[in-house]
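Undergrad: The sequence isn't on hand, but the structure is:
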């Protein structure tokens with residue numbers, strides 16, 4: 001787009017192009033600064049470039065200022081990814097803290113984050129290749145396996161302690177996930193020792 005803009009400006013005197021490009025760069029820098037402030041991160045407008053009046057041809061302008069735009073684009077992308085990674089860590093921590101609550105769900109999580117459930121779900125899936133619901137379910141099953149191996153609690157108690165709303169739902173999800181019932185899992189682990 002920048003190159004197209006310069007091509008349309010070719011019929012103007014080079015000094016006018018230099019002034020226009022300088023103003024464009026100042027506007028872009030202001031926009032980047034504003035975006036940075038809104039999103040809580042800083043972007044330094046580097047690499048350092050000569051001022052527009054030191055560049056002698058339109059090609060020099062294109063080459064030098066294309067570097068600025070590429071740098072800004074990659075910096076914004078990097079900062080956005082960092083922010084998204086931070087959000088995924090926050091979601092994972094919240095899941096780890098709250099998985100025992102049978103009412104814990106995507107909607108509750110999104111509300112706590114003050115974001116829409118659709119956005120939270122989409123972002124999490126893009127970053128982790130898993131859904132939040134699947135991660136909660138896998139964590140509950142993993143913790144249930146630990147309790148079945150390490151305690152003599154009843155299956156109903158294990159279900160309750162790991163956030164399953166009912167013992168029958170726990171049985172169904174456990175068998176679907178591991179291919180055996182909780183009782184058979186416990187028995188096989190006891191026989192293996």
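TA: Thanks, I have the structure now. Keep in mind that what you see is a predicted model, and the values were worked out from it rather than measured.

Undergrad: the helices in this protein, which residues?
TA: In the chain, the helices defined using DSSP state H lie at 2-8, 14-39, 58-98, 106-113, 117-128, 132-150, 155-161, 167-178, 182-192.

Undergrad: angle of the third one against helix 106-113?
TA: What it means is helix 58-98. Per axes from the mean of the first three to the mean of the last three Cα atoms, to 10 degrees, the angle that helix 58-98 makes with helix 106-113 is 110 degrees.

Undergrad: chain center to helix 58-98: distance?
TA: Taking Cα atoms, centre = their mean, to the nearest Å, one finds helix 58-98 lying 11 Å from the centre of the chain it belongs to.

Undergrad: and that helix with helix 132-150, angle?
TA: 40 degrees.

Undergrad: Next: the fifth one.
TA: Angle of helix 117-128 versus helix 132-150, following the same axes, to 10 degrees, is 70 degrees.

Undergrad: May I see the buried residues of helix 117-128?
TA: 117, 120-121, 123-124 (16 or more other Cβ atoms under 10 Å). Every C-beta, even on glycine, is put in place using the N, C-alpha and C of the backbone.

Undergrad: lowest-confidence stretch among the helices of the chain?
TA: When the helices of the chain are ranked by mean pLDDT, helix 2-8 comes last with a mean of 67.

Undergrad: List the residues that contact residue 98.
TA: Contacts for residue 98 (Cβ atoms under 8 Å, 6 or more residues apart in numbering) come out as 104, 109.

Undergrad: Distance of the residue nearest the centre of the chain relative to residue 138?
TA: Nearest to the mean C-alpha position of the chain, counting by Cα atoms, centre = their mean, stands residue 84 at 2.9 Å. Taking Cβ to Cβ, to the nearest Å as the measure, residue 84 falls 21 Å from residue 138.

Undergrad: do the same with residue 102
TA: Residue 102 is 16 Å from residue 138, by Cβ to Cβ.

Undergrad: what's residue 116 sitting at in phi/psi?
TA: phi -80, psi 140 (degrees, to the nearest 10).

Undergrad: Name the nearest residue to it, ignoring sequence neighbours.
TA: residue 110 (6.1 Å; Cβ to Cβ, 6 or more residues apart in numbering).
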